[in-house]
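1. Fold the stuff below for me.
(chains A and B)
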Amino acid sequence: MSSQRICRLLRLEGLTDYGEALELQRRLAGARVEGELADDLLILLEHPRVITLGRGARGSNVIESAEALAASGVELHEVERGGDVTYHGPGQLVGYPIIDLRHHNQDLHWYLRQLEEVLLRALASLDISGIRVPGYTGVWVEDRKIASIGVHVTRWVTFHGFALNVCTDLADFDLIVPCGIDAVQMTTVEIESGRASSVDEVADHVARSFAETFGLVMQPVALQKLP
Amino acid sequence: MASRIVMSKLSPTMEEGRVLKWVKQEGDPVESGDVVVEVETDKATMEVEAMGSGVLRKILVQEDATVPTGTTLGVVAAEDEDISAILEESRAVAPATVQATASVQGPATMEPSAPVVPSAAPSPAGDGGRLKASPLAKRMADERGIRLEALRGTGPGGRIIKRDIEAAASAGVPAAAATAPVIDYDIPYERVELSQLRKAIARNLIQSLGPIPHFFLTREIDMGEVLKLRGELNESLAESGAKIGVNDIIVKTAAQALSEHPDVNVSFAGDHIRRFTRVDVGIAVAVRDGLITPVLRDAASKGLRQISAESRELIARARNRKLAPEDYQGATFTISNLGMYGIDEFTAVINPPAATILAVGATQEKPVVVDGAVAIRPRMRVTLSCDHRAVDGAMGAEFLATFAEMLENPLRMVL
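-> You can find the predicted model right below:
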């Protein structure tokens, strides 16, 4: 028997409402703090079109007015994680790790770099060579941004996480100034690999590299089995 | 037991963090383990919990401010507990170390890692013949007459972004801008733009003498008239019980002289100088384990009697540790008097954000030449320390000349 720790993998099908996903994360992070959730957990899902404002966000980084966004079916959410403005939508793989850093490393910068590492490895397995740009948390392909990261930590238990563009409609990014960095060009796995890619396929790569990077063994779990 | 809320080091590589949100407000009851404040480092936010129970008595660092790790952010204590010692200790570090980004530049887009130049920037600006710059950066560069070709972009892929233009625009004083502790006290001021010469002076001098390049001007002043005036004033005030001290006259005179020399009543604020339109005089007071400088607000517009009463009250509160931060923060000028310890003269260290401090020695009887004959006169030596980035020798000397002339002819003050 391996003594490696387990990481539960919760893969939600279809599109999960942002607010619902946030509630779920809060509940599970609370359960992880209390010990009701004994293992680390990685949630992988896709959101419908939504713009989220982190605590660092300035309204000026949302280009369209709230009314215009609502009219075009895009939700606007304020959240507690760091970072500025983020867009989520179909074709983007979103990962919410709920892990207890006390069992890994109580170091928030280390954790951010680890998440980058997860994505870099997953991209490498898709023959895409991503890079880090010091000072700009996230993952880039040359000067194009492919994944965003923003995390929140309560009693060393994490939530929020990363968003990797797989086959996202990049036009939606024109609604925001991503991360508050003007003129960032966004990109997707599909564009960089030059072939059709599905979120499901990429999710498998990400789950594998997550387990590898954090030294965990992945075990799928159903939502009903969680506290 | 009082407990502090501290900007914890959430990573060995974390040097500073930003206060994002106070979950509890001053006066809110707090249980040990309650989340009190949320802080941010890089793209991670962390909830900070109380280590003790009581009431959140004081918030020392406001939302959006970036401070070094270890900084006390707030104090939790019992409702009636005396927390003045903690407040005093924390104020010694907190106000001076709040990063300029917090108040001057507003929240930077990517702080706290904003000044990082990506060492792995894939390709420098201009690589491949095409200059990479964001449309906003191009427009800003245009407006400010900055040549994009001369810049190195720090955006992704070496793209020139807004930040680079801002950096280039203030490049006159990069180091000074980074270290100038600019805190928005509620003192009215005029913004004075830096001339090219002033930028060069600031840049050169901090290479030589730390972040605040001090220089010192000493002058001996005849105190005969002041002592006479004090005697007369106190005689006329005897019935009211009020008493004017020499130091009160020095405070009043300095304030008056400063209002005649506003160029000395300033603060160096990185990319500009704040010329205060009010004189707030700090009075250095020795307390049991250190020193604190209560501030006499708007001293130039106050009469001697009021100055005397207020400074007496401030000094008493300072000794009893009853000063609130607003009582000791934000002097535009400071007076440190060690005359009572028999010190002839000394130099004082500037207390930022002020640009000057006056060190006052003892008044002593000395033989001096008056009208061609030796006479015994009470003389006092004062030394003005100046922040050379903002104040030059001649400016300081002119202020001291006025100060001396007023003390030697106290009637001039009435004019």
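2. where's the closest residue to B:Pro68 other than its chain neighbours relative to B:Met7, distance?
-> Leaving aside its chain neighbours, B:Pro68 sits nearest to B:Glu16 (4.9 Å; criterion: CB to CB, 6 or more residues apart in numbering or on different chains). Where C-beta positions appear, they are placed from N, C-alpha and C, glycine not excepted. As judged by CB to CB, to the nearest Å, B:Glu16 and B:Met7 stand 8 Å apart.
3. if we can go back for a sec, next, count neighbours for the residue nearest to B:Pro68.
-> When counting by other CB atoms under 10 Å in any protein chain shown, one arrives at 22 neighbours for B:Glu16.
4. A:Ala31 is in contact with A:Pro227, correct?
-> Yes: contact criterion CB atoms under 8 Å: A:Pro227 and A:Ala31 qualify, at 4.3 Å.
5. Taking the centroid of the chain, which residue is nearest it?
-> Because you didn't say which chain, this covers chain A. Centroid check for chain A by CA atoms, centre = their mean gives A:Phe162 as the closest residue, at 1.9 Å.
6. you looked at the wrong chain, it should be chain B
-> With distances taken as CA atoms, centre = their mean, B:Pro353 lies nearest the centre of chain B, 1.9 Å away.
7. how about that one, secondary structure?
-> coil (DSSP: H, G, I helix; E, B strand; the rest coil).
8. Quick check, it in contact with B:Ile273.
-> No: between B:Pro353 and B:Ile273 there is no contact under CB under 8 Å: 10.9 Å.
9. residues shared between the contacts of those two?
-> Shared contacts of B:Pro353 and B:Ile273, defined by CB atoms under 8 Å, 6 or more residues apart in numbering or on different chains, comprise B:Ser267.
10. For the chain, give me the ranges with low pLDDT.
-> As the question left the chain open, I've gone with chain A. Counting by pLDDT under 70, the ranges of chain A that qualify are A:1-3, A:54-66, A:80-84, A:176-183.
11. You answered for a different chain; I wanted chain B.
-> Scanning chain B for pLDDT under 70 picks out the ranges B:91-131, B:134-136, B:138-152, B:155-157, B:167-186, B:204, B:207-208, B:289, B:413-415.
12. which ones are touching B:Leu209?
-> B:His388.
13. can you tell me how far it sits from B:Arg219?
-> Per CB to CB, B:Leu209 is found 21 Å from B:Arg219.
14. Quick one: distance of the host helix or strand of A:Gln219 to the chain centre.
-> Per DSSP states H and E, A:Gln219 falls inside strand A:216-220. Remark: strand A:216-220 is offset 18 Å from the chain centroid, using CA atoms, centre = their mean, to the nearest Å.
15. Just the buried residues of that strand, please?
-> A:Leu216 (16 or more other CB atoms under 10 Å in any protein chain shown).
16. quick one, which of A:Pro227 and A:Ala31 is more surrounded?
-> With neighbours defined as other CB under 10 Å, A:Pro227 and A:Ala31 compare such that A:Ala31 has more, 17 against 12.
17. Using the three-state scheme, assign the more buried one.
-> Three-state secondary structure (criterion: three-state DSSP) places A:Ala31 in helix.
18. got the contact list for it?
-> If you count contacts by CB under 8 Å, 6+ apart, A:Ala31 has them with A:Leu37, A:Leu226, A:Pro227.
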